[in-house]
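Student: got a predicted model here, sequence first, then my questions.
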Amino acid sequence: MDYAELANAIRRWGAELGFQQIGIAGTELGADETHLLNWLAAGRHGEMDYMQRHGTKRSRPQELQPGTIRVISARMDYAPPGIERGWDVLADAGLGYVSRYALGRDYHKLMRQRLQQLADRISTQAGPFGYRAFVDSAPVLERALARDAGLGWIGKHTCLINRHAGSWFFLGELYTDLPLPLDAAASAHCGSCTRCLDVCPTQAIVAPYQIDARRCISYLTIELHGAIPPEFRAAMGNRIYGCDDCQLICPWNKFSRPSAEADFLPRHRLDGAALIELFGWSEEEFLRRTEGSAIRRIGHERWLRNIAVALGNARGVAGAVDALRARADHPSAIVREHVVWALEQQTRHATAAG
């Protein structure tokens, strides 16, 4: 078997399947393991217990999938057309901002299917081989592996950046026992830029390449199950599911391109829907409108919790107080707590206005 020829074929097949880039990495992640363990020891993972549940399997691919000697890393662009208009949504207090990756269908199933198709094509040339596909579905240090596969460098905001495509892309992996030739790891090109650190609403990027998830709006709106700490609520603004500020500000994203995948296009006008409208969704409507979406995983209670905070920050938005009062007797104590906070904020806004 000519493995160099096979690697070239894998890249070609990957492009045919809709991946923008394929790279091949080894499994040595010693420095990244140390970084992960230090991050966990500092408690910066918050309630994300799954980050430490699997021990060293996350940083040692061969422990997660025995026999693994190479990782085929793939990236797929997801940016919708006009992604830079995200700033306009953030500037309009009456609209809800949803992280751009979650505007369309959940990417997990689509990318996993494509990776499986890639594995099937590999088997037609290489014969039966050992592999396992991952799309953010197991303890995998996907950004470190993608960096080693040459797909980009880990930026100061900890997202992967490609110098020709920015950072608006998903990652997926095939762990394999094929001795494919390695690609050269990507070099870093953030330089002295600190725009991502400076723009973070909650100062979650506590130092270059270091995120305290407990301060991150993506964590607070998606991963956190209980009450959002009051000290972060005002800074959340109108961000109701995730946060993209550090990517929107990144100068490398001027090279990003809109995705060609129809499944990633915005659904139900979630790229700029009115907060009051979204807050009015019943649980049934929430489940119907988020079918096949990553948003569904937070459930209706957290959806209302997040929007209540945004409505509290919605200074001068007509109907915000009435919408909040309509949820004041909600069965959930979490929702009620955030509605009370939001109404207090609206009272302060009205008093300040005079």
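Tutor: Cool, the structure landed.

Student: so R132 is in which element?
Tutor: Using DSSP states H and E, R132 sits in strand 131-134.

Student: other SSEs contacting that strand?
Tutor: Contacts defined by 3 or more C-beta pairs under 8 Å, 6 or more residues apart in numbering; DSSP states H and E place strand 131-134 against helix 107-126, strand 169-176. Every C-beta, even on glycine, is put in place using the N, C-alpha and C of the backbone.

Student: let's see the helix-or-strand element of the chain with minimal mean pLDDT as CSV, backbone CA atoms only.
Tutor: Confidence across the helices and strands of the chain bottoms out at helix 50-53, with a mean of 87, counting by mean pLDDT, DSSP states H and E. Extracted C-alpha coordinates of helix 50-53, given in CSV (Å, rounded to 0.1, in the frame of the first residue of the first chain):
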residue,chain,number,x,y,z
TYR,A,50,-17.4,15.5,31.4
MET,A,51,-14.2,17.3,30.7
GLN,A,52,-12.4,15.3,33.4
ARG,A,53,-14.6,12.2,33.5
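
Student: check which residues of it are buried.
Tutor: Buried residues in helix 50-53, counted by 16 or more other C-beta atoms under 10 Å: M51.

Student: that older thread, nearest to L145, of the helices and strands packed on strand 131-134?
Tutor: Across those, L145 has its closest neighbour in strand 169-176 (6.2 Å, C-beta to C-beta).

Student: who touches the next helix or strand after that closest one?
Tutor: Counting by DSSP H and E, the element after strand 169-176 in chain order, helix or strand, is helix 195-199. Applying C-beta atoms under 8 Å, 6 or more residues apart in numbering, the external contacts of helix 195-199 come out as 155-157, 205, 207-208, 245-251.

Student: with just CA atoms, put helix 195-199 into CSV.
Tutor: The C-alpha trace of helix 195-199 is given here as CSV (Å, rounded to 0.1, in the frame of the first residue of the first chain):
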residue,chain,number,x,y,z
ARG,A,195,-8.8,42.1,20.0
CYS,A,196,-10.5,39.0,21.2
LEU,A,197,-9.4,39.5,24.8
ASP,A,198,-10.5,43.2,24.7
VAL,A,199,-13.9,42.5,23.2
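
Student: averaged pLDDT, it. What do you get?
Tutor: Helix 195-199 shows a mean pLDDT of 98.

Student: neighbouring strands - and their directions - for the helix or strand following it?
Tutor: Sequence order places strand 205-207 as the next helix or strand after helix 195-199, per DSSP H and E. Strand 205-207 sits in its sheet next to strand 210-211 (antiparallel), going by DSSP bridges.

Student: what packs against whatever helix or strand comes next after the partner strand?
Tutor: Proceeding N to C from strand 210-211, the next assigned helix or strand is helix 217-218, under DSSP H and E. Applying 3+ C-beta pairs under 8 Å, 6+ apart, we find helix 217-218 packed against helix 230-236.

Student: list the contacts of the helix it packs on.
Tutor: Identification of contacts with helix 230-236 by C-beta under 8 Å, 6+ apart yields 201-202, 215, 217, 220-221, 228, 306, 309-310, 312-313, 338, 341, 345.

Student: what about the closest residue to I83 other than its chain neighbours, neighbour count?
Tutor: Leaving out its chain neighbours, the residue that sits closest to I83 by C-beta to C-beta, 6 or more residues apart in numbering is R100, at 5.8 Å. When neighbours are defined as other C-beta atoms under 10 Å, R100 has 22 of them.

Student: now R85: how far from P251?
Tutor: Separation of R85 from P251 (C-beta to C-beta, to the nearest Å): 18 Å.

Student: so, low pLDDT: which residues of this protein?
Tutor: 354 (pLDDT under 70).

Student: mind listing the strands for it?
Tutor: 21-25, 70-77, 97-98, 131-134, 153-154, 160-161, 169-176, 205-207, 210-211, 239-241 (DSSP state E).

Student: just the angle between the first one and helix 107-126, please?
Tutor: Going back to what we said before, that points to strand 21-25. 70 degrees (axes from the mean of the first three to the mean of the last three C-alpha atoms, to 10 degrees).

Student: which strands and helices sit next to strand 21-25?
Tutor: Contact here means 3+ C-beta pairs under 8 Å, 6+ apart; on that basis strand 21-25 packs against helix 3-16, strand 70-77, helix 142-148.
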